[in-house]
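Q: have a look at this fold, sequence not included:
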């Protein structure tokens, strides 16, 4: 896949959408296995569901089972609400689309044009959940031609999100980027990506560090990098040694360069910028 070629401009919108939701009739699964399968079926971000399941299995204890089940059930309920949304207007800057956040407010709304293939309408939200406290969310809906608006991707796992970006990758492929930062003091990267290929969307695997051993050489990136999608796909970040404190990476600063290869965000080059022990 070629590197990022173009960043499309975002146009802000001015009024609120008229929308409705149809309550889901199906009961929420009451076992972890059934809930996991249903969450995978519903989620636009199945890799997130898989990662959560893997984390639970790796550190599983009896006390964790109920908590994990309840998180899966909440995810299923939110995904059902999202898929049941019926949005009559493409104006998303005013009225919050109720999916996960309580006290939901709209920070910004706009649209992104994917050539003749589709138009995406987005909404960045803030609010809270009883389980995780104050946080942010982002919702993207898709329209093809003169068709209806269809929910494409949504998440409220992080503390804050920025306006989505859409970049043309060539050969009819588009990359949708949802920049976000994690909850808590760690300022971790919550960026999610969706790839449009062969007429459909799929989640991009953004766990690039697990595949970057030769370039990182045992070092880590623990906080959100300073991403730049305007000229290729790059990021500047401090690097951490395994023994470094969470606050402060002492392995220098580096310029990272990326490509999406297959369906995976892949580190292709690392250029030291100075410093480091």
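A: Now that the structure is in, tell me what you want to look at. Owing to the predicted nature of the structure, the values given are computational and were not obtained by experimental measurement.
Q: would you map the helices across the stretch 151-277 of the chain?
A: In the stretch 151-277 of the chain, the helices defined using DSSP state H, counting those that start in this stretch lie at 213-216.
Q: which elements pack onto the helix or strand hosting residue 104?
A: Residue 104 belongs to strand 102-114 when assigned by DSSP states H and E. For strand 102-114, the elements it packs on are strand 11-12, strand 118-129, strand 165-170, judged by 3 or more CB pairs under 8 Å, 6 or more residues apart in numbering; DSSP states H and E. From N, CA and C alone the C-beta is placed, and that goes for glycine too.
Q: closest to residue 247 out of those strands?
A: Residue 247 sits nearest to strand 118-129 of all the helices and strands packed on strand 102-114, at 25.8 Å, using CB to CB.
Q: what pairs with that closest one, parallel or antiparallel?
A: Counting by DSSP bridges, the strands paired with strand 118-129 are strand 102-114 (antiparallel), strand 133-143 (antiparallel).
Q: quick one: buried residues of stretch 49-58?
A: For stretch 49-58, a neighbour-count test (16 or more other CB atoms under 10 Å) marks 49, 52, 53, 56 as buried.
Q: mind listing what residue 35 touches?
A: For residue 35, the contact set (CB atoms under 8 Å, 6 or more residues apart in numbering) comprises 28, 29, 69, 72, 73, 76.
Q: which one is the second one nearest to, not counting chain neighbours?
A: What that stands for is residue 29. Among residues not flanking residue 29 along the chain, residue 35 sits closest, at 4.2 Å (CB to CB, 6 or more residues apart in numbering).
Q: residue 132 is in contact with residue 183, isn't it?
A: Yes: the criterion here is CB atoms under 8 Å, and residue 132 meets it with residue 183 at 6.2 Å.
Q: go ahead and flag the most central residue of the protein.
A: Note on the chain: the residue nearest the mean C-alpha position is residue 192, at 2.9 Å, using CA atoms, centre = their mean.
Q: residue contacts, the nearest residue to it once chain neighbours are set aside?
A: Excluding its sequence neighbours, the residue lying closest to residue 192 (CB to CB, 6+ apart) is residue 178, at 4.5 Å. Residue 178 is in contact with 138, 140, 153, 155, 161, 164, 191, 192, 193, 194, counting by CB under 8 Å, 6+ apart.
Q: from these, which is closest to residue 239?
A: Nearest member of those to residue 239, counting by CB to CB, is residue 191, at 18.3 Å.
Q: got a markdown table for the buried residues of stretch 49-58, with pLDDT and secondary structure too?
A: Shown next, in a markdown table, are those (pLDDT from 0 to 100; DSSP: H, G, I helix; E, B strand; the rest coil):
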| residue | pLDDT | secondary structure |
| --- | --- | --- |
| 49 | 97 | helix |
| 52 | 94 | helix |
| 53 | 95 | helix |
| 56 | 93 | helix |
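Q: most widely separated two among those?
A: The most widely separated members of the buried residues of stretch 49-58 are 49 and 56, with 10.9 Å between them, by CB to CB.
Q: hmm, back to that, out of the buried residues of stretch 49-58, flag the one nearest to residue 81.
A: After measuring the buried residues of stretch 49-58 against residue 81 - CB to CB - the closest member comes out as residue 49, at 16.5 Å.
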